[in-house]
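In: this one's structure only:
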């Protein structure tokens, strides 16, 4: 049975005060719009300590501020990939999220995609559990290597890979994986490893690395920023109406 979509926003939502909107944001099942976020955290000086503290909640830290526009755009992109991979009821496409945290991203994507492809896709949220986060939706506690082996996914998603760590080699060596998608800061940012993840060298000691072939290229993958999705992103280092730090990047296996 298909899950219901996110609850419709009441007509009076636009009239809510900032504090009332922030209280709604505490509800994991509520997916705000860009307008909601801007109304709740408007800051004339371009910086809001309140925004920082809201995103730094210890029980449920926010790295990527999920919003309706982002989920819609991401679902459109994934829909095209699901179709191109030939999803069917006899051969459903598995989308595996690793490092899923509280499970909200997989939850909202599952809602959208199961309505479009009933019985043809599986969206699975997994997390190592090392951070002991409060989970709002089903998240299987399992390491990423074990999850890859168990589910043999066609598509892998990782939002905000830990700084200077790299999991992408394991994605590329899993033969079932046709594409992996990284969400967060890219080259020179705070997600993943500059060279191992992104193929990017920026310090003096790494200059020679630029002469080498990036690991993802050597393993037969192509990199492309998904601009139609990235344009809608809001992350913890952004400010309302000033979004540019986070993006969504595809690494697809060459045929």
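Out: That came through, no problem. Only a predicted model underlies this, so the values are computations on that prediction, with no experimental measurement involved.
In: C-alpha from now on. contacts and neighbour counts both.
Out: Will do.
In: can you show me the strands along the stretch 151-255 of the chain?
Out: Taking DSSP state E, counting those that start in this stretch as the test, the strands found in the stretch 151-255 of the chain are 155-159, 179-184, 221-225, 247-253.
In: strands paired with the last one, and their directions?
Out: Strand 247-253 has its sheet partners listed here by DSSP bridges as strand 179-184 (antiparallel), strand 221-225 (antiparallel).
In: next, name the residue at the spatial heart of this structure.
Out: Most central residue of the chain, judged by C-alpha distance to the mean C-alpha position with CA atoms, centre = their mean, is residue 159 at 3.8 Å.
In: beta-bridge partners for that one, please?
Out: residue 183.
In: pLDDT score assigned to it?
Out: Per-residue confidence at residue 159 stands at 97 (pLDDT).
In: so it makes contact with residue 185?
Out: No - with contacts counted by CA atoms under 8 Å, residue 159 stays clear of residue 185, the gap being 9.5 Å.
In: ok so, going back, let me have the strands paired with strand 247-253 in CSV, extended by mean neighbour count and distance to residue 106.
Out: Converted to CSV, the strands paired with strand 247-253 look like this (neighbours: other CA atoms under 10 Å; distance: least, CA to CA, whole Å):
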stretch, mean neighbour count, distance to residue 106
strand 179-184, 22, 13
strand 221-225, 15, 20
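In: mean pLDDT and distance to residue 121 added to these, as TSV?
Out: Putting the strands paired with strand 247-253 into TSV (pLDDT from 0 to 100; distance: least, CA to CA, whole Å) gives the following:
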stretch	mean pLDDT	distance to residue 121
strand 179-184	97	15
strand 221-225	97	23
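In: out of these, which is closest to residue 30?
Out: Closest to residue 30 of the strands paired with strand 247-253, according to CA to CA: strand 179-184, at 20.6 Å.
In: strand 155-159 and the closest one, what's the angle between them?
Out: 10 degrees (axes from the mean of the first three to the mean of the last three CA atoms, to 10 degrees).
In: what does strand 179-184 contact?
Out: Strand 179-184 is touched from outside by 64, 154-161, 171, 191, 235, 245-253, with contacts defined as CA atoms under 8 Å, 6 or more residues apart in numbering.
In: could you find the closest non-adjacent residue to residue 237?
Out: Once its chain neighbours are removed from consideration, residue 237 has its nearest residue in residue 245; the separation is 6.7 Å (CA to CA, 6 or more residues apart in numbering).
In: ok, that neighbour to residue 56 distance?
Out: Taking CA to CA, to the nearest Å as the measure, residue 245 falls 17 Å from residue 56.
In: so which of those two has more stuff around it?
Out: With neighbours defined as other CA atoms under 10 Å, residue 245 and residue 56 compare such that residue 245 has more, 17 against 14.
In: what sits against that one?
Out: Applying CA under 8 Å, 6+ apart to residue 245 gives the contacts 184-185, 234-235, 237-238.
In: which residue ranges form the helices in the stretch 1-150 of the chain?
Out: Using DSSP state H, counting those that start in this stretch, the helices of the stretch 1-150 of the chain run over 18-25, 34-40, 49-55, 68-84, 104-116, 144-151.
In: lowest-confidence stretch among these?
Out: For the helices of the stretch 1-150 of the chain, the weakest mean pLDDT is recorded on helix 49-55, namely a mean of 84.
In: other residues contacting that helix?
Out: Contacts to helix 49-55, defined as CA under 8 Å, 6+ apart, come from residues 41, 61-63, 236-237, 239.
In: filter these to the buried ones?
Out: Buried residues within those, counting neighbours by 16 or more other CA atoms under 10 Å: 41, 61-63, 236-237, 239.
In: so which of the helices of the stretch 1-150 of the chain is nearest residue 126?
Out: Comparison of those against residue 126 by CA to CA identifies helix 144-151 as nearest, at 7.2 Å.
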